[in-house]
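Colleague: whatever this is, show me its structure:
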Amino acid sequence: MAALAVLYTVAAVYVARATILSLFHRINSLALLSFLFLTHQLSNLPISADTIPFYILDFAIFVLCVALSPAQVLLFRREAPDRKKTAITTYRPNGNSPSPDGHSENTIDVDIVAVHGLASNPETTWESRKPSQSPSVPGTTAAAAHDPSSNPEITPKLSWLRDVLPNDILNARIMNFSHNTAWQGNSLSKSLHDHADDLLRALEWERRTPEAKRRPLIFIGHSFGGLIIKQNKALLNASREEDNNIRKLVQGFIFLGTPHKGARVTWIGKLISVFGFWNGSSTTLLEDLESGSPTNWKMHQEFTTFLTREGCGLTHTLCVFEAVQESFYGISITHVVDKESAVIDGSLNIGFVEKHRGIQKLSQKDDNYNAILLTLTRWVQEVADSSLKRQAEMALEKTQEEKDCLKSLSFSQMYSRSHDINAKRPGNRTWILDHDDYKRWFDGQRGLLWIRGKPGAGKSTALNNAFQTAKAAHRKEVVASFFFFRRGDPTQNSLVSLFRSLLHQILDKDRTALAQLTEKYKNKRTIHAGEVTWHEDELKDFMQTIITDGSAARSIRIYVDALDEAAENVASTVVSYFRPLTVGANLSICFTCRHYPPLAWDNELTILAEEENCADIETYVRENLEHELNDENQAQELITLITTRASGIFLWVFLVVREITEFLRVGKTKQEITEMVQKLPLGLGALYEEILEKITERKQSLHLIQWICFAQRPLSLGELRAVMSADADSPLPSDSDEQMKKRLTSLSGGLIEVGEENNVRFIHQSVPDYLLRRGVDEEKGEETADSGTERLKSGFEILERVESFDSDKTASRAHLRLAKSCLNYLHKKV
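Modeller: Below you'll find the model as predicted:
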């Protein structure tokens, strides 16, 4: 009895423990406990008509226990799967065997990449259910194909991917990607993301030649294979140049029964995996297929955004769904992937009269294959036509003089601000693309469009997103941009730089206008002995000429950011210059600006950023805080509170989220965080004041901010380290750049950052404006109206501990201290 009690205790503990373990352990523990209990009860009962059913049940449970035990591995040995197969197999036309390189690259216009489904065979998955009637199976001869008696072991089936498609589209290279996603046994410890990375690496290897790297791509994905394609980081998050190339080269997607929104019968697979536990089964990949899977949902949202914003578009996405339900002994039950899940909203779609497992098994020249072939042929022809057009354009390659002319317009910081916005700014700012006024302006209404808003409302990032999207739209127009940047190099803030940059971008795409300026360039080079300097007036005159007299071969669309950051009187000059040019000409222009100065006319299209970006702010807060807060209701309350108090100022949200993250790091409660957010001042100026008030090392902080405010040009991190360590009053030594970056954050309260080119600067133009009392607390409709204070202190009032702010005295004190630091630095060097 003692032994039996021990067995019951062990079984009970196992059952209790199994509730937090996997499905296998839950079923196995219940089976063992049931067998133990029933066997014990039957041991005291004689065999009779009444007990026979219980003996049968007990035997069935015993069989289940054996099936779930390691004994099944010994009783039913399975061969381990072959994991040494090449990741990508390439098929040649005319029935030749697969090759690593495919046919001649000079004849290929596009690569078609197919990815098979979960745990399926990469070769047989594309085979039809009927034997092949043609000699096109690799490795066989015509005689063997037509005379099975010549080789009785050969029973070939037609693979449309291997045997038919290469012959129907001769100018395409057909590639079959193989992945090991077996889950019933011997499964790999790989996630969906890992398999997507495998696909990307395999593609990079197969497309390693310069010619192949430029070749467009079409993807075909069956079921889970479609998810591997969608998870590809080159599409969702292109962080490398190679990823960007793939992102731009994709011409179309064909999804065959792909569960974009989840599959219905994953529970069957999970149940089957229980019996393969000791063979190494795994349900990890099955969980990504479930309806409501967070991984699948997030991936689908990101992929849909890529399609509509940057990708080939919904018109080049074909989704095939199964029109026949799965059945059991002739009784229809359900679809594995129903139409709602298999079809991306707005895409092309077609239903095949097949069940899920047969949706990719096409037969030669049947209706299903013809539908796929028709789509592929159309897309490949578009690629071929585009290739011919590119060849024609290459025949008109720029001359060396034209290249030199363009080079004379360029300058080193021409694109740095645009790139920096992409790299640094949080949020997507997609709201601008959906705004009715923007769509009306973008779709044909000429004239000016204004994006106005408070400092930190996200105007720059919204405009940059609009510019990048317009550039990628491949419309028959030239798209150009310029980003004024007061904290940057002088070339980022002048009128002549504006015209040099815009003309460089326009003429690079317009050979007719470029030829005209090249003539002027050659004359200037002759006169000035090779030195060519462009003056503001001649650039303005040339810009006006190509716009008004129709010299430009295509219409022009211009985006200009941050007019309020332009040098003195430049903003009004820019608007006065371009406004009349938009009347009756082929020019559209979009400006961003703060509410002050008031440059827009009442009858011009105007979008107010702080009234449109609430959804974007909420998304940003949710993405950064939701995973930190376990209670969904509490998280939503905090998100709503932050969004409401932000008043459309995205930078305020960025700073507050950073503060909350620090609170969470040190273990603050949700109630403490909520109280902190409620006490935070509204508006940027008041928030900056509070941040500076918290700084304890005032002397070093003042010295740092004086250098950033009053240096003649932006200092590099190394330069700043040198001058800060040379200060006579409060030197700031540092051992490395990384250490200095941490000190920058602590001494500025996070208001100073290191840019892409290692230059040190304020995180936003509103910071120096606040420090120098230059508009942040005076501008109509901005911070002061919402701050709840009578007067904001200047940052220098706080750091210098003076009663009032005098800009001249502040600048004089700063320059005196900086001069002493420079002299002290030179003295140390001597």
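
Colleague: could you pull out the strands for the stretch 701-830 of the chain?
Modeller: Using DSSP state E, counting those that start in this stretch, the strands of the stretch 701-830 of the chain run over 752-754, 760-762.

Colleague: who are the contact partners of residue 472?
Modeller: Residue 472 sits next to 248, 310 when contact means Cβ atoms under 8 Å, 6 or more residues apart in numbering. Just so you know, the C-beta spots here come from the backbone N, C-alpha and C atoms, and that holds for glycine as well.

Colleague: all strands for the stretch 151-300 of the chain, in order.
Modeller: Under the criterion DSSP E, counting those that start in this stretch, the stretch 151-300 of the chain carries strands at the ranges 157-159, 172-177, 217-222, 250-256.

Colleague: remind me what the second one packs against, helices and strands.
Modeller: Contact analysis of strand 172-177 by 3 or more Cβ pairs under 8 Å, 6 or more residues apart in numbering; DSSP states H and E lists strand 88-91, strand 110-115, helix 165-168, helix 192-206 as its packing neighbours.

Colleague: buried deepest among the strands of the stretch 701-830 of the chain, which one?
Modeller: Most buried of these by mean neighbour count (mean count of other Cβ atoms under 10 Å) is strand 760-762; its value is a mean of 21.

Colleague: parallel or antiparallel, list what pairs with it.
Modeller: strand 752-754 (antiparallel) (DSSP bridges).

Colleague: SS state for residue 413?
Modeller: coil (DSSP: H, G, I helix; E, B strand; the rest coil).

Colleague: in contact with the closest residue in space to it that isn't next to it in sequence, which residues?
Modeller: Leaving aside its sequence neighbours, residue 413 sits nearest to residue 489 (Cβ to Cβ, 6 or more residues apart in numbering; 4.6 Å). Listed by Cβ under 8 Å, 6+ apart, the contact set of residue 489 reads 412-413, 713-714.

Colleague: kindly recompute the last result at 10 Å.
Modeller: Counting by Cβ atoms under 10 Å, 6 or more residues apart in numbering, residue 489 makes contact with 411-413, 416-417, 497, 713-714, 757, 759.

Colleague: okay, these in a markdown table with distance to residue 60 and neighbour count next?
Modeller: Output for the contacts of residue 489, formatted as a markdown table (distance: Cβ to Cβ, whole Å; neighbours: other Cβ atoms under 10 Å):
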| residue | distance to residue 60 | neighbour count |
| --- | --- | --- |
| 411 | 82 | 16 |
| 412 | 79 | 9 |
| 413 | 78 | 17 |
| 416 | 73 | 20 |
| 417 | 73 | 25 |
| 497 | 83 | 22 |
| 713 | 84 | 10 |
| 714 | 78 | 18 |
| 757 | 73 | 14 |
| 759 | 75 | 20 |
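
Colleague: can you redo those residues as TSV with distance to residue 693 and pLDDT?
Modeller: Output for the contacts of residue 489, formatted as TSV (distance: Cβ to Cβ, whole Å; pLDDT from 0 to 100):
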residue	distance to residue 693	pLDDT
411	40	92
412	39	86
413	35	86
416	33	82
417	31	83
497	38	94
713	30	85
714	27	86
757	32	75
759	27	87
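
Colleague: could I get those residues as a markdown table with distance to residue 54?
Modeller: Below are those laid out as a markdown table (distance: Cβ to Cβ, whole Å):
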| residue | distance to residue 54 |
| --- | --- |
| 411 | 90 |
| 412 | 87 |
| 413 | 85 |
| 416 | 81 |
| 417 | 80 |
| 497 | 91 |
| 713 | 91 |
| 714 | 85 |
| 757 | 80 |
| 759 | 82 |
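
Colleague: name the nearest of those relative to residue 620.
Modeller: Set against residue 620, the nearest of the contacts of residue 489 by Cβ to Cβ is residue 417 (21.4 Å).

Colleague: quick check: the closest residue in space to that closest one that isn't next to it in sequence vs residue 601, distance?
Modeller: Excluding the flanking residues, the one nearest residue 417 by Cβ to Cβ, 6+ apart is residue 483, at 3.8 Å. Counting by Cβ to Cβ, to the nearest Å, the separation of residue 483 from residue 601 is 23 Å.

Colleague: those two - which one has more neighbours?
Modeller: Shown here are residue 483 and residue 601; by other Cβ atoms under 10 Å, residue 483 has more neighbours (27 against 11).

Colleague: list the contacts for that one?
Modeller: Applying Cβ under 10 Å, 6+ apart, we find residue 483 in contact with 413-421, 460, 463-464, 467, 492, 498, 501, 559-562, 565, 592.

Colleague: isn't residue 196 right next to residue 226, touching?
Modeller: No: applying Cβ atoms under 10 Å as the test, residue 196 and residue 226 come out as separate, 11.2 Å apart.

Colleague: overlap in contacts, the two.
Modeller: Common neighbours of residue 196 and residue 226, using Cβ under 10 Å, 6+ apart, are residue 115.

Colleague: if you count surrounding residues, which of these two has more?
Modeller: The neighbour comparison of residue 196 against residue 226 (other Cβ under 10 Å) goes to residue 226, with 27 against 23.

Colleague: now that one: closest residue in space that isn't a chain neighbour?
Modeller: Closest to residue 226 by Cβ to Cβ, 6+ apart is residue 258, at 3.0 Å.

Colleague: phi, psi for the one you found please.
Modeller: Torsion angles at residue 258 (phi, psi; degrees, to the nearest 10) stand at phi -80, psi 130.

Colleague: tell me the pLDDT of it.
Modeller: Looking at residue 258, its pLDDT stands at 92.

Colleague: all helices for the stretch 301-450 of the chain, in order.
Modeller: For the stretch 301-450 of the chain, the helices defined by DSSP state H, counting those that start in this stretch cover 339-342, 367-395, 400-409, 416-424, 431-434, 436-442.

Colleague: and residue 825, which of the ones you listed is closest to it?
Modeller: Smallest distance to residue 825 across the helices of the stretch 301-450 of the chain (Cβ to Cβ): 27.9 Å, for helix 416-424.

Colleague: what helix or strand is residue 119 on?
Modeller: For residue 119, there is no host helix or strand (DSSP states H and E).

Colleague: again with the one 10 residues further on
Modeller: Secondary-structure assignment from DSSP H and E places residue 129 in strand 127-131.
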